[in-house]
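[1] sharing a model that was predicted from the sequence below.
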Amino acid sequence: MGNIFDSHAHYDDEKFETDRREILDGLFSDKVCGIINCGCDLKSSLMSVELANEYEGIYAAVGVHPHEAEDVADEDFSEIIKLLDKKKVVAIGEIGLDFHYDFSPREKQIEMFERQVKLSKELDIPIIVHDREAHEETYKILRKYQPKGVVHCFSGSVELAKETVKMGMYIGLGGAVTFKNAVKPVEVAAFTPMEKILLETDAPYMSPVPMRGKRCTSDMIEYTALKIAEIKNLDYETVVNTACQNTKELFGI
Ligand code: NI
């Protein structure tokens, strides 16, 4: 087993349909020690819990993704909440706002996000936040409730990273820091103290350079970590080990 902890992945995705077990067995026997599998709706939340039951190194997050905010029925939402009692369910996620795709109406997204943030405070459980082109509205809610958690695939400015860290939240960094045109993610990686960084993939998406175009798997965090090590002038092992420790600390693992 390795020392890479992937704080954000989707192994329930249909892109892993034919070889899910083969891939996961391979990862855990090689470079990866832990994975948090994030739910987006009831089906994927259930599957996250199933994967967590099956694999020692997998933990589950359950919740309603902004894309699904409009379509999740009340009964489904109740079922998702019930899953929070299951063992190895460590967070509500992924939740947030996506004003890039706008797959659900913005009012619906905001309502569903706020509902889940509120719940995380009541239950004292961390959240995994998706904020795409919706910084203003996302942070309005984060400022109001001051939850614990991580802003995944952080895409804001250094100023926003500063505020996030000050609130006590973590910054999730993935493949985007390796992209050729990456400016903000590189600045954010340089600014953010290593103690506040979580490593992630968003597998099967967001493969880092030089694996662009390939299906992303958690071992590819190696490239992201190497890039962060270079940016922060740290060694690779320090980056991976500290991020692993941070992930365990935040999610109580
Ligand atoms: Ni995701």
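    The structure has been received and is ready for your questions. Residues are numbered from 1 along each chain as shown.

[2] how about the contacts made by residue 155?
    Taking C-beta atoms under 8 Å, 6 or more residues apart in numbering, we find residue 155 in contact with 131-133, 176, 184-185. C-beta coordinates here come from the backbone N, C-alpha and C atoms, glycine included.

[3] out of the residues you listed, which are inside strands?
    Among these, the residues falling in strands (DSSP state E) are 131-132.

[4] buried stuff in stretch 67-81?
    Across stretch 67-81, burial judged by 16 or more other C-beta atoms under 10 Å covers 67-69, 72, 76-77, 80-81.

[5] same deal with stretch 10-28?
    Buried, per 16+ other C-beta under 10 Å, within stretch 10-28: 10-13, 16, 20, 23-24, 27-28.

[6] ok, back up a step: which of the contacts of residue 155 sit farthest apart?
    Greatest spatial distance among the contacts of residue 155 (C-beta to C-beta): 133 and 185, at 14.8 Å.

[7] who has more neighbours out of these two?
    Shown here are residue 133 and residue 185; by other C-beta atoms under 10 Å, residue 185 has more neighbours (26 against 13).

[8] I figured that one hits residue 177, correct?
    Yes. Between residue 185 and residue 177 there is a contact under C-beta atoms under 8 Å: 4.4 Å.

[9] do a quick rundown of the strands in the stretch 151-253 of the chain.
    170-173, 197-199 (DSSP state E, counting those that start in this stretch).

[10] dump the ones you listed to a markdown table, plus mean pLDDT, distance to residue 253 and mean neighbour count.
    Putting the strands of the stretch 151-253 of the chain into a markdown table (pLDDT from 0 to 100; distance: least, C-beta to C-beta, whole Å; neighbours: other C-beta atoms under 10 Å) gives the following:
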| stretch | mean pLDDT | distance to residue 253 | mean neighbour count |
| --- | --- | --- | --- |
| strand 170-173 | 98 | 14 | 26 |
| strand 197-199 | 98 | 12 | 26 |
